[in-house]
Structures are given as structure tokens and as C-alpha cells.
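In: Sequence first, predicted model second:
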Amino acid sequence: MIIDYKYDEKLLELKEIANEDDIEFLITLFDSELKKRLIKVREFFEDNKILSDIHYYIHPNNKYQVIVRKDFYNEFLIQLFRQELLQEIKWR
Amino acid sequence: MSTQAISAIGVFLITYAFIVTEKIHRTIIAMTGGIMMVLLGIIGQEKALQHIDFNTLGLLTGMMIIVAITAETGLFKYIAIWAAKKVKGDPLKILVVLGIITALGSAFLDNVTTVLLMVPVTFSITRQLRVNPIPFLITEVIASNIGGTSTLIGDPPNIMLGSAVKELTFMAFINNLTAISFFILFVNIAILAFIYRKQLRTSAELKANLMDMDEKEEITDKTLLRKSLFALTVTILGFFLHQLLHIESATVALTGAFLLLLLTGEKYLDKAFLKVEWTTIFFFIGLFVLVSGLIETGVISKLADYSVHLTGGDVKSTAILILWVSAIASAFIDNIPFVATMIPMIKDMGELGVSNLEPLWWSLSLGACLGGNGTLIGASANVIVAGLAAKEGHSITFGKFLLIAFPLMILSIIICTVYIYLRYLI
């Protein structure tokens, strides 16, 4: 990972890993209220009619796996900021 | 032949040519053709309106409203993920179950709607398993066209047949077409699974990832889901009982749609109406008027007379001829205008002395619906899925599809020939 993500660690945990040519995010929510915000991120990408921009998988215990196509990486981060799930990012 | 009949043939052929070449949207062309029939005085406006089959239009609109609202609940994603987990995340078995789910969906919903619901979740599952989505997409397209053949409401040709011929009720379709359609489906899926078996391998780790998914979380609105399932159940029950209750299938679908809107309130009204494919509805209106020009000027009667003369009025050869001509024609041209033209022709054959029309109707349905599997342009579902796949970087070319699907279509029609012969002609 070459980018550090800053977020409220009491509310969520976020990890970024490589998945073939794409970027995979593993997100765990410690506060169920945040689910609505993550759903809004999903809805944003579902509304654009591109089917492989992000793939969104729900796992038990508020764990989410999101595979993001490289060309939608910036947009995904913007949406995380927009929903205030991210606070800051910086190059390591 | 009268001048009006010649004009009607001219307008019909020009319109048909434009529909086949797909240079201009088929709805614009069909409506223009229909309007030309009226403008040229081939048919009066009143008469044209009488030929518009509101049962077909009502059935399509009602089902589109029900599906639009039900899709909001996440039900279809839930079913696909649940099924994928039931087969332990094995890609080959997932191909089979997604094919069966698509066929079942298409039996009760419009084929295009079904594939539009299935394709996103297919991309999602195949990406998780890191397998090529194309075998799944081709299987779903083929399954969708076969599933649609099995009921009165599954495919537009069947909707038109059920509406035009009183004896062809929902139960008549179930009794005559469901078993053979599902037999053909299993043959097709088995062959597709065999062809693609080597491409469908994944790791234990990726399967475990899929198995860990929580499909219940895909249901976004449980209250809406309960209401949708209630309306869907009432509608499907209504289809089974519509003959007994002496109501048309359009009344059943519209009752289900507006019952659901009553339950959900106007919050969903605009959304549901936006999802109704008005282009399809107007395509039908244009076609009904276009064909009415041929009916009213006696062209259809003449064609029927010629066909009866050609086959000597023999039911056996007429049924087999209709089956194969419908299948080959539907593989290359839109089956809706084809069936719209064939229905009055077969009716006229009855008046010209062909005693048993039943095998002809089932031949037309099987040929027109299954023929769509022959080429990439044979049915709307094929075109839609190929377009979506290309947009996502997975090209399904005309040749690639033809190589797999055309032999499967021919095999399906051979099975139908045996079925029609054994069940109705001996």
C-alpha cells in the first residue's frame, strides 16, 4: 500500500490490497449506522450503468469487500470522502 | 389485386426492411409504417384502433410495473447469490443454476428484463471467482429465450398468440409447452456446461470468499419485498385461474401492478412508470396497425390461400413448415413482426379448411421463440447482453455466438419437430 488512509478508527477499519488489475478494499464497520453511508456509495456506482466499475460484496458482521476498477479508483475515494467515511489520504 | 392491397404490401415491405436493417429505431419505423397505412387511406383510423390488441399491451405494461418495483428490493441479487452458495461456489454448477434461474425468471417476466436483472449479479459472481463471464452470459441468453417459450407471459410471441386465440389460455401453454421447453433447456445447459467446463475453474480461497457472502443483506427493503411478493403471488395465481374466472391475462397483470402500487403508495408511481418500456409498447401498436392494413386489404387471406395450396391443406406438413420457417426467420429477424403477420394467416388457413389448427399454433410459438437463439441478433435479450458485455470489455461477437448457439437452436428445433409430430400429428 502506498497510500495511507485516515478515518475514524472507532467507527470503521479500511484496508486496501491489490486484486489482479483492480484495487480491493476491505471495510469493517464498527457502527451499523454507517451502513447507510456505504449503501449510498454503492448506489452512486449502480446508478451510472457501468457494471464492472465496482463490485460490492457483503459479508457477515458488517464486513464489506469492494473490488474497484483502476479507472474508478479516484471516483471511489471521492465518494468515500463525500459520505465522510474517509477523512484524509496521503502518499506514504 | 386492388391498388390498396399493393400499397399495403409496399408500406409493409419497406417498413419490414427498415426493421431488419436496424438503421433507425424499430419503434419509430413501426409507428411510421402504421401511420402510413392510415394516411394513405389503406385503413381508416377507427378500424386501425380496433386492430390494436390492448390485451397484449396491458399484459406487458402490468408485468413491467411489477418487475420495476420488485427489482428495488434486491430480491434477484439475493436469489442469485443464495443459489451460487448452494452449489458451494463451484463455477460449473453456478453456470447451471444461473441458467435455470434465468429460464424460470423468463417464464414469468419479460426476457430482456430477466437478463437485465441477471447480468449485473453474474459479473459480480464471476469477478469474485475470477472466471470468464462470457460462458455465463451466453448460457443466460439461451436459457432466457427457452424459459420465455414455456408460458403465455414469457415471450411477446406467446403473449400475442394467447391474446389472439381464445383457446390458447395460460394453462394451455403450461400443458403444451412447459415440459418440452424445460427438456430443451436441460439439453442446452448440459451441452453448454460440457463445452465450457475447462474455462470454469477457480481456487478454493475464492470459493470460500463467495461462500462467506451474506445474501440476506442484499434485501434492501423487507416491507417492500413482502408487498411485492404478495402482488406477484396474486398475479401468478390469477394467470393460472384467468380462464376459470373469465378474465383476460392483461386484466390479471394490471390488477397485480395496481394492487402493488396501492400497497406501496405513490412513492413508487413515477419510478415504476419510468421503467415501463414505452418504446416496446409503441412498437407493438405500430405493428398491429401495419398488419391490419394487410388483413383489411385481403393480402393475408391470399397468402394463407397460397400456403394451403402449397401444402395441400395437410396439417402435418404445414405444422413442420411453420416450425422450421419460424425458427430460421426468427434467428435473423425480429420474431414479433413475424408472429404478428403469421397469426392472421394461420387463422385464415382455418377458414380455408385446415381442420386442426392447434399444432400450427404450437409450432409457431416454439419456432418463433426458440429461433431467437440462433444468432446474436435473433432476440432482444441477445442484443442487450452482447451490448452490456462489450461495454464491460467482454466482447461476444456475432461469429462466436453463432458457433455455439446456432447448432443448439437447430438441435432444439429437431427436438420440437419430434415433439410436435408425436404429440399432435399421429
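Out: Okay, I see it.
In: SS state for the residue in chain A that chain B sits nearest to?
Out: Nearest residue of chain A to chain B (C-beta to the nearest C-beta) works out as residue A:58 at 4.1 Å. To be clear about C-beta, it is placed using only N, CA and C from the backbone, and glycine gets the same treatment. Going by DSSP: H, G, I helix; E, B strand; the rest coil, the secondary structure assigned to residue A:58 is strand.
In: shouldn't it be in contact with residue B:210?
Out: No - between residue A:58 and residue B:210 there is no contact under C-beta atoms under 8 Å: 11.9 Å.
In: Next, work out how far apart the nearest residue to the residue of chain A closest to chain B once chain neighbours are set aside and residue B:285 are.
Out: Leaving aside its chain neighbours, residue A:58 sits nearest to residue B:217 (4.1 Å; criterion: C-beta to C-beta, 6 or more residues apart in numbering or on different chains). The spacing between residue B:217 and residue B:285, counted by C-beta to C-beta, to the nearest Å, is 42 Å.
In: Neighbour count: those two, which is higher?
Out: Set side by side, residue B:217 and residue B:285 show more neighbours around residue B:285, with 22 against 19, by other C-beta atoms under 10 Å in any protein chain shown.
In: Please name the residues that touch the closest residue to that one other than its chain neighbours.
Out: In this structure, residue B:285 finds its nearest non-sequential neighbour in residue B:52, 5.6 Å apart by C-beta to C-beta, 6+ apart. Contacts for residue B:52 (C-beta atoms under 8 Å, 6 or more residues apart in numbering or on different chains) come out as B:285, B:288-289.
In: For chain A, state which of these is nearest.
Out: residue B:285 (27.5 Å).
In: next SSE after the helix or strand hosting that closest one?
Out: Using DSSP states H and E, residue B:285 sits in helix B:278-296. For helix B:278-296, the following helix or strand on the C-terminal side (DSSP H and E) is helix B:299-311.
In: buried stuff in that next one?
Out: By 16 or more other C-beta atoms under 10 Å in any protein chain shown, the buried positions in helix B:299-311 come out as B:299-305, B:307-308, B:311.
In: now, among these, which is nearest to chain A?
Out: Using C-beta to the nearest C-beta, these come closest to chain A at residue B:300, 41.5 Å.
In: hang on, the earlier thing: for the helix holding residue B:285, report the contacting residues that lie outside it.
Out: Contacts for helix B:278-296 (C-beta under 8 Å, 6+ apart): B:8-9, B:11-12, B:15, B:25-27, B:29-35, B:37-38, B:42-43, B:47-48, B:50-53, B:56-57, B:60-61, B:156, B:300, B:336-337, B:340-341, B:344.
In: May I have the one helix or strand residue B:191 maps to as CSV, with CA atoms only?
Out: Take DSSP H and E as the rule and residue B:191 turns out to sit in helix B:179-196. The C-alpha coordinates for helix B:179-196 follow below in CSV (Å, rounded to 0.1, in the frame of the first residue of the first chain):
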residue,chain,number,x,y,z
ALA,B,179,-42.4,-29.6,-20.2
ILE,B,180,-40.9,-29.6,-23.7
SER,B,181,-39.3,-26.2,-23.0
PHE,B,182,-37.6,-27.4,-19.8
PHE,B,183,-36.5,-30.6,-21.5
ILE,B,184,-34.8,-28.4,-24.2
LEU,B,185,-33.4,-26.2,-21.5
PHE,B,186,-31.7,-29.1,-19.7
VAL,B,187,-30.3,-30.4,-23.0
ASN,B,188,-28.9,-27.0,-23.9
ILE,B,189,-27.4,-26.3,-20.5
ALA,B,190,-25.8,-29.8,-20.3
ILE,B,191,-24.1,-29.1,-23.7
LEU,B,192,-23.0,-25.6,-22.7
ALA,B,193,-21.6,-26.9,-19.4
PHE,B,194,-19.7,-29.6,-21.3
ILE,B,195,-18.3,-27.0,-23.8
TYR,B,196,-17.2,-24.5,-21.1
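In: Which elements pack onto that helix?
Out: helix B:91-108, helix B:134-149, helix B:398-420 (3 or more C-beta pairs under 8 Å, 6 or more residues apart in numbering or on different chains; DSSP states H and E).
In: for the longest helix anywhere in chain A, which positions count as buried?
Out: Counting by DSSP state H, the longest helix found in chain A is helix A:35-46. By neighbour count on 16+ other C-beta under 10 Å, the buried set for helix A:35-46 is A:37-39, A:41-42, A:44-45.
In: That's all I had, so thanks and see you.
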